[in-house]
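Engineer: Build the 3D model from these lines:
(one chain, ligands or ions: 1)
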Amino acid sequence: MQEKPPHKFFRWVWFLDRIQFWHKDDLVHRRYADAARSLAVPKDHSIWKKVRTEEADYKGAHSDIVEFFKAFQKACHKRNIPLRAFEFVRTAERQQELYEKGFTKAQAGFGAHQYGMACDCIVGHLGWSLSKKQWACLIAIGKEVARRRNIKIDSGYDWDFWDPAHWELEGWKEMIAPKQPDKPYKKNKFYDIKTGKLHEIE
Ligand SMILES: [Zn+2]
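Structural biologist: You can find the predicted model right below:
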């Protein structure tokens, strides 16, 4: 028996169905509600063993992005959507490699992943192969989670360079910038890459 998503979520999905335009997605899911349902898999499916997040996955990431991901994952798992993190922190070499392949707009030194300020979230059994409507439903859950927790976050779904799996902390560039005496400074908490412990950076 699948768990029923909270009523409010479906009200939002039904709203999208009323305002939608004719789209090629209609061949896959006629309505957003169908797309949302298609993301769910039964709890005894083998994919659930593969979507667990280990501490090693988010070592070096900012505590806010980790908190967001954990809450996002919990909210999805509650709805039987096997969300998982593909990648948090990236090395400069890997960022440059992805840039050269055209997977990212950011060159080494310019991407949020390199500073542990971003996370790519995908759905276990589908990976990146979600329809536009499926992404829209997933992103709606993520944004609601961020709003409730008051975590300021940007979704790559809203960008011209469409990257719907990507989430990054709003204003991360200011967070990594050197301390400026005229600006109030927010302490940054990071998971240490070596020890995995949370520590603050001034
Ligand atoms: Zn990303």
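Engineer: near the ion, which residues of this structure show up?
Structural biologist: Contacts of the chain with the ion, taken as Cβ under 5 Å from the ion, map to 118, 120, 166. Yep, even glycine has a C-beta here, placed from its N, CA and C like the rest.
Engineer: Out of these, which sit inside strands?
Structural biologist: 118, 120, 166 (DSSP state E).
Engineer: residues touching the last one, list them.
Structural biologist: With contact taken as Cβ atoms under 8 Å, 6 or more residues apart in numbering, H166 is in contact with 118-120, 155-156.
Engineer: picking up where we left off before, can you tell me which of the ones in strands among the residues of the chain next to the ion is nearest N80?
Structural biologist: D120 (21.1 Å; Cβ to Cβ).
Engineer: The closest one: what's it in contact with?
Structural biologist: Counting by Cβ under 8 Å, 6+ apart, D120 has contacts 85-87, 113, 165-167.
Engineer: Next one: it relative to E87, how far apart?
Structural biologist: Distance of D120 to E87, given as Cβ to Cβ, to the nearest Å: 5 Å.
Engineer: Quickly list what's touching both of these two.
Structural biologist: Looking at what touches both D120 and E87 (by Cβ under 8 Å, 6+ apart), the common residues are H113.
Engineer: Of the contacts of D120, select the buried ones using a ChimeraX command.
Structural biologist: Remark: buried members of the contacts of D120, expressed as a ChimeraX selection using 16 or more other Cβ atoms under 10 Å:
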select :85,87,113,165,166,167
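Engineer: In a markdown table: the contacts of D120, plus pLDDT.
Structural biologist: Output for these, formatted as a markdown table (pLDDT from 0 to 100):
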| residue | pLDDT |
| --- | --- |
| A85 | 94 |
| F86 | 92 |
| E87 | 90 |
| H113 | 89 |
| A165 | 95 |
| H166 | 95 |
| W167 | 96 |
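Engineer: With distance to D57 added, can I get the contacts of D120 in a markdown table?
Structural biologist: Formatted as a markdown table, the contacts of D120 follow (distance: Cβ to Cβ, whole Å):
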| residue | distance to D57 |
| --- | --- |
| A85 | 6 |
| F86 | 9 |
| E87 | 8 |
| H113 | 13 |
| A165 | 15 |
| H166 | 16 |
| W167 | 14 |
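Engineer: If we only consider the contacts of D120, which is nearest to W128?
Structural biologist: Nearest to W128 among the contacts of D120, counting by Cβ to Cβ, is A165 at 6.0 Å.
Engineer: which residue packs closest to that closest one, ignoring adjacent ones?
Structural biologist: D120 (4.5 Å; Cβ to Cβ, 6 or more residues apart in numbering).
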